[in-house]
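>>> for reference, the sequence and a predicted model appear below.
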There are 2 protein chains.
Amino acid sequence: MKRAARNVIPRKAVYRLSLYHRCLNKLRHNGITTVSSEALARAAAVKPTQLRKDLTYLGQIGRRGLGYDVEQLAQMIADTLGTNSLQPVILVGVGNLGAALLAYRGFEPEGFEIVAAFDAVPQPRRREGPPVLPMDRLAAFVAESTVRMAVLCVPAHAAQEVANQLVAAGITGILNFAPIVLAVPDDVVVNNVNLAIELENLSYFIQG
Amino acid sequence: MKRAARNVIPRKAVYRLSLYHRCLNKLRHNGITTVSSEALARAAAVKPTQLRKDLTYLGQIGRRGLGYDVEQLAQMIADTLGTNSLQPVILVGVGNLGAALLAYRGFEPEGFEIVAAFDAVPQPRRREGPPVLPMDRLAAFVAESTVRMAVLCVPAHAAQEVANQLVAAGITGILNFAPIVLAVPDDVVVNNVNLAIELENLSYFIQG
DNA sequence: AATTGTGAATTGATTCACAGCT
DNA sequence: AGCTGTGAATCAATTCACAATT
């Protein structure tokens, strides 16, 4: 039997929900408790109607004539995205980029924690932060934990092989920094972050 | 007078053109000189019809019954994207992420070169690679060079202020890693790379 | 015979316009 | 009066189906 057909939110709308969530946190931080679609849309650089349309995916949550309760809306978005509790993530490939992401303190405020890193040749010299383990510990680690998401920072030539290992271990979401198209089963989700492609894209659009 | 209205290629199509370009390079590397839309589409994980439609933005380039000339198609895409010559890029904010990107050897093969980096407090300890300069050198550096694109890796609280400086200096394309929505003039293009948003997105789509 | 190029059809996303609450 | 929620309308992207070309 296929997975139950949750009424799915379009990918672009999910991105924007993340964005709204970040803006709401900022508002909350400033002690603001209520916000109109117009104000929130401005903060997120989208149109108010698009914001309202996006929010209908969560059900009815605003109050006409008043706006949205900042706290409640943030909560509902977090519920929907599944980021209400701190989510464990593993990182594979502790090279330049991988090490930088390990050291980056920006994930936890957003609800993600890198619980372990893996590398073919883990350097023993580690300060604080998550343990860096050899690749052969990967399968057992994932099996014993609730981790479902991995950040993949290995070189392109190794990426497909490592992705296969991740999938075999039970990982179902991969944030892929390697500049290749990963082949994975249908039930595994891959998000690609490709810096060269982003630069090429910029390059095209700035040509005047 | 407004900029001449080049018949513009949709952003998503530009992304895919980058992707095709990468695949073509791989084919070329393997000594393959001709490819069908079906084969290339499979390599890029898109549908053949979409590939062909995307390529029509470049004009007519394939040969019916035969397919595409790998070399020629790669060339035309590079021409269109403006990545035929090595493009200079600056990087601002040499923290964890910025340092990792500086050390990352993956840009040059794709046609980009980080020609200088800037930081509020540049560390003197530098091995090889581009110079790391103090922020107050930014304006002069950009003025004297042909750089138009910048990679922005400063912390969120500084990002808008630094973006203003970049724009004032004449930068027209920004690859922004800071988790905020930058306000820039219309003629400046911003591409956002937001790791937390990518993770939240994954988080949603792996929920079963 | 094989494979591109493309108008037409379809699907999806965004915006509009206004009804419906508070 | 103010602001949300949403069906309808518009706009954009994708896919189909097949004519055109080698």
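Yep, it's here.
>>> quick check: closest non-adjacent residue to A:Met149.
Nearest non-adjacent residue to A:Met149, counting by Cβ to Cβ, 6 or more residues apart in numbering or on different chains: A:Gly173, 4.2 Å away. Every C-beta, even on glycine, is put in place using the N, C-alpha and C of the backbone.
>>> what about the one you found, how many neighbours?
Residues near A:Gly173, counting by other Cβ atoms under 10 Å in any protein chain shown, number 25.
>>> just the pLDDT at it, thanks.
Each residue has a pLDDT score; the one for A:Gly173 is 97.
>>> please apply the same query to A:Gly129.
pLDDT, the model's per-residue confidence, is 85 for A:Gly129.
>>> and it, what does it touch?
Contact analysis of A:Gly129 by Cβ atoms under 8 Å, 6 or more residues apart in numbering or on different chains lists A:Leu102, A:Ala103, A:Ile114.
>>> the second one against B:Ala99, yeah?
Which is A:Ala103. No. No contact is recorded between A:Ala103 and B:Ala99 when judged using Cβ atoms under 8 Å, the distance being 9.5 Å.
>>> out of the two, which sits in the busier spot?
Counted by other Cβ under 10 Å, A:Ala103 and B:Ala99 do not tie: B:Ala99 has more neighbours, with 23 against 15.
>>> once you drop chain neighbours, what's closest to that one?
When the adjacent residues along the chain are set aside, B:Ala99 lies closest to A:Ala100, with 6.7 Å between them (Cβ to Cβ, 6+ apart).
>>> kindly report the same for A:Asn25.
Nearest non-adjacent residue to A:Asn25, counting by Cβ to Cβ, 6+ apart: A:Ala74, 6.4 Å away.
>>> ok, the one you found to A:Leu58 distance?
Counting by Cβ to Cβ, to the nearest Å, the gap from A:Ala74 to A:Leu58 is 11 Å.
>>> how about A:Val94?
Relative to A:Leu58, A:Val94 is positioned 38 Å away (Cβ to Cβ).
>>> higher neighbour count, those two?
Between A:Val94 and A:Leu58, A:Val94 has the larger neighbour count (other Cβ under 10 Å), namely 23 against 15.
>>> so the residue lying closest to the more buried one once chain neighbours are set aside bridges to which residues?
Spatial nearest neighbour of A:Val94, excluding adjacent residues (Cβ to Cβ, 6+ apart): A:Asp119 at 4.2 Å. According to DSSP bridges, the partner residues bridging A:Asp119 are A:Pro134.
>>> for the residue nearest the centre of chain A, what are its contacts?
Geometric centre of chain A, nearest residue: A:Leu175, 7.6 Å, by Cα atoms, centre = their mean. For A:Leu175, the contacting residues are A:Met149, A:Ala150, A:Val151, A:Leu152, A:Asn191, A:Val193, B:Leu195, B:Glu198, B:Leu199, B:Leu202, taking Cβ under 8 Å, 6+ apart as the criterion.
>>> adding pLDDT, write those out as TSV.
Conversion of the contacts of A:Leu175 to TSV gives the following (pLDDT from 0 to 100):
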residue	pLDDT
A:Met149	97
A:Ala150	98
A:Val151	98
A:Leu152	98
A:Asn191	96
A:Val193	94
B:Leu195	91
B:Glu198	95
B:Leu199	95
B:Leu202	95
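>>> B:Gln160: which of those residues is nearest?
Of all these, the one sitting nearest B:Gln160 is B:Leu195; the distance, using Cβ to Cβ, is 19.0 Å.
>>> does that closest one touch A:Ala100 like I think?
No. Under the criterion of Cβ under 8 Å, B:Leu195 lies out of contact with A:Ala100, with a separation of 10.7 Å.
>>> with DNA strand D as the reference, measure out to the residue nearest to A:Met149.
22 Å (Cβ to the nearest atom of the strand, to the nearest Å).
>>> mind listing the residues bridging to that residue?
The residues paired with A:Gly173 through beta bridges, assigned by DSSP bridges, are A:Met149, A:Val189.
>>> quick one: it from B:Leu19, how far?
21 Å.
>>> three-state assignment of the residue nearest to B:Ala99?
Classification of A:Ala100 by DSSP: H, G, I helix; E, B strand; the rest coil places it in helix.
>>> so who does it touch?
For A:Ala100, the contacting residues are B:Asn96, B:Leu97, B:Ala99, B:Ala100, B:Leu101, by Cβ under 8 Å, 6+ apart.
>>> and chain A, which of its residues are near DNA strand C?
Within chain A, the positions near DNA strand C by Cβ under 7 Å from any atom of the strand are A:10-13, A:46-47, A:49-50, A:53, A:63-66.
>>> also within reach of DNA strand D: list those from those residues.
Among the residues of chain A next to DNA strand C, the residues within reach of DNA strand D (Cβ under 7 Å from any atom of the strand) are A:Thr49, A:Lys53, A:Arg63, A:Arg64, A:Gly65, A:Leu66.
>>> reformat these as JSON lines; add secondary structure and pLDDT.
As requested, those are arranged in JSON lines below (DSSP: H, G, I helix; E, B strand; the rest coil; pLDDT from 0 to 100):
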{"residue": "A:Thr49", "secondary structure": "helix", "pLDDT": "98"}
{"residue": "A:Lys53", "secondary structure": "helix", "pLDDT": "97"}
{"residue": "A:Arg63", "secondary structure": "strand", "pLDDT": "95"}
{"residue": "A:Arg64", "secondary structure": "coil", "pLDDT": "95"}
{"residue": "A:Gly65", "secondary structure": "coil", "pLDDT": "95"}
{"residue": "A:Leu66", "secondary structure": "coil", "pLDDT": "96"}
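>>> among these, name the buried ones.
The neighbour-count criterion (16 or more other Cβ atoms under 10 Å in any protein chain shown) marks none of these as buried.
>>> pick the one among these closest to DNA strand D.
Set against DNA strand D, the nearest of these by Cβ to the nearest atom of the strand is A:Gly65 (2.7 Å).
>>> give me phi/psi at the closest one?
Phi and psi for A:Gly65, reported as degrees, to the nearest 10, are phi 80, psi -20.
>>> please apply the same query to the one 5 residues further on.
Comment: the main-chain dihedrals of A:Val70 come out as phi -60, psi -50, following degrees, to the nearest 10.
>>> wait, it sits on A:Ile32?
Yes. Under the criterion of Cβ under 8 Å, A:Val70 makes contact with A:Ile32 at 5.9 Å.
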